[in-house]
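Enquirer: structure of the sequence below:
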Amino acid sequence: MTVGGDVSDLTTIAQDKGIRYFLVSYTDLFGVQRAKLVPAGAIGDMVRTGGATFAGFATWLDMTPANSDMYALPDPASVIQLPWKPEVGWVAADLWMDGEEVAHGPRNVLRRMSAAAAKDDYVLKAGVECEYFLITPDGSAIADPADKQDKPCYDQSALMRRYDVITDICGAMLGLGWKPYQNDHEDANGQFEMNWEYDEALVTADRHSFFKFMVKSIAEQHGLRATFMPKPFSNLTGNGCHAHVSLWKGDRNLFADRAGELGLSTLGYHFIGGIIHSAEALCALTNPSVNSYKRINAPRTVSGATWSPNTVTYSGNNRTHMIRIPDGGRFELRLPDGAVNPYLLQAGIMAAGLDGIQNKRSPGKRLDINMYTEGHTVSDAKRLPLNLLDALRALQASSVLTAALGKEFVDSYIKLRMSEWNSYARHLTEWERQTTLDC
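Expert: Take a look at the predicted model:
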């Protein structure tokens, strides 16, 4: 797509679907969605002149107030009609400035990675498991005071008490053709997960972005608040965003091999080897917030397990490891959390995995032990970063991810996230006062 692209698609979509406004949306480096509401009658002129204009510095992008206007050029293939307000069409946009793509724009980064994979006729396909809490509007507690079980996962009564919210969201996905296939109450009180069918990486990333917006919007309509924060409650299981990954060439799943160990091909194991090789650096993308490291390095929760990894290991159908191979032809990466940027999630997986294929990286020996009870017996496995600072330093040192994702992106991302870390480090906590006031 180029600046000043064809307007006919969006104009036709508006006419065919009765759309009166387009929500021209982009996701910044911190995963925050930004948008302008554009009347359908004005969409043609907007596209002809390059897109909706934004001041990039006003959002989490590596820009200054002196930069030129930034243009968000909508991709007609991504249009999603708001199920709860069908006169509005959400459309994902790619970022441009001074006639060039913004190199550190998250959707641009993923598009570049997909294009790099396409040179070998590879197409990454992924599904995501988005977990979230339904909480009180002020964010202080879960919204359902009756949701008290120590082991609340799959609690039928708690699920049905939120029937109206869950079915509004699931019904919307059904109407959009996403093929959702199950909804459940998750391992924490007040926590839910909703799954839909996997697709190509960019499609999944766009839907992932919209899903978060949709869940929050529908929750608000029910007087609730939805949060994807990785660890909003210290005693409860955190919000993961597990990714199920496979690589395709045409209609052939390149990870599938009936003769391979656990039904996974040699190429699939090389891909996993790449993920393991770059795991610490990848954490800066998959676990992008200060709060993220309270999930992956957490003590046991009320339910008895955190369900999140802390060590760089892989296994078969075993949820105590960073990577799980539940059946042939795919693997599950259990590292990402609810704060992950949907576009950088897919781009990071692709960058690390393709490096694994190119360099035939071995994932090492598969472990089938319970890492929560026997992990201390494993002496040769890498540990995940203990905090965001360690992860950012690992990303900064990663020649693999820098080469694949682009130095401009990596530098910009680290710059802004380091600023966030420094802001956190300057914050005086009550814990510090309680433990060191009389030292």
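Enquirer: distance from the chain centre to whatever helix or strand Val128 lives in, please.
Expert: Using DSSP states H and E, Val128 sits within strand 123-135. Centroid separation for strand 123-135 versus its chain: 7 Å, with Cα atoms, centre = their mean, to the nearest Å.
Enquirer: kindly report the same for stretch 250-260.
Expert: 25 Å.
Enquirer: that one: end-to-end distance?
Expert: End-to-end distance of stretch 250-260 (Cα to Cα, to the nearest Å): 21 Å.
Enquirer: Gly89 belongs to a strand, doesn't it?
Expert: Yes: under DSSP: H, G, I helix; E, B strand; the rest coil, Gly89 falls within a strand.
Enquirer: I'd say it and Thr12 touch.
Expert: No: Gly89 is not in contact with Thr12 according to Cβ atoms under 8 Å; the separation is 11.8 Å. C-beta here means a position set from N, CA and C on the backbone, and glycine is covered the same way.
Enquirer: neighbour count winner among these two?
Expert: More neighbours surround Gly89 than the other of Gly89 and Thr12, with 27 against 11 (other Cβ atoms under 10 Å).
Enquirer: hmm, back to that, which strands or helices does the strand holding Val128 pack on?
Expert: helix 106-118, strand 191-196, strand 199-200, helix 201-221, strand 225-227, strand 241-249, helix 342-358 (3 or more Cβ pairs under 8 Å, 6 or more residues apart in numbering; DSSP states H and E).
Enquirer: the same query, at a cut-off of 7 Å, please.
Expert: Under the contact criterion of 3 or more Cβ pairs under 7 Å, 6 or more residues apart in numbering; DSSP states H and E, strand 123-135 touches strand 191-196, strand 199-200, helix 201-221, strand 225-227, strand 241-249, helix 342-358.
Enquirer: beyond that strand, next helix or strand please.
Expert: Heading C-terminal from strand 123-135 (DSSP H and E), you reach helix 156-161.
Enquirer: list the contacts of that following helix.
Expert: Asp144, Ala146, Asp147, Pro152, Asp184, His185 (Cβ atoms under 7 Å, 6 or more residues apart in numbering).
Enquirer: that older thread, out of the helices and strands packed on strand 123-135, indicate the one that is most buried.
Expert: helix 342-358 (a mean of 26; mean count of other Cβ atoms under 10 Å).
Enquirer: still on that earlier bit, could the C-alpha coordinates of the strand holding Val128 be exported in CSV?
Expert: Provided in CSV are the C-alpha atoms of strand 123-135 (Å, rounded to 0.1, in the frame of the first residue of the first chain):
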residue,chain,number,x,y,z
VAL,A,123,3.3,-17.8,6.1
LEU,A,124,3.1,-17.7,9.9
LYS,A,125,-0.3,-18.6,11.3
ALA,A,126,-1.2,-18.0,14.9
GLY,A,127,-4.0,-18.1,17.4
VAL,A,128,-4.0,-16.2,20.7
GLU,A,129,-5.7,-17.0,24.0
CYS,A,130,-6.6,-13.6,25.5
GLU,A,131,-7.2,-13.7,29.2
TYR,A,132,-8.8,-10.8,31.1
PHE,A,133,-10.5,-9.9,34.4
LEU,A,134,-13.9,-8.3,34.8
ILE,A,135,-13.4,-5.9,37.7
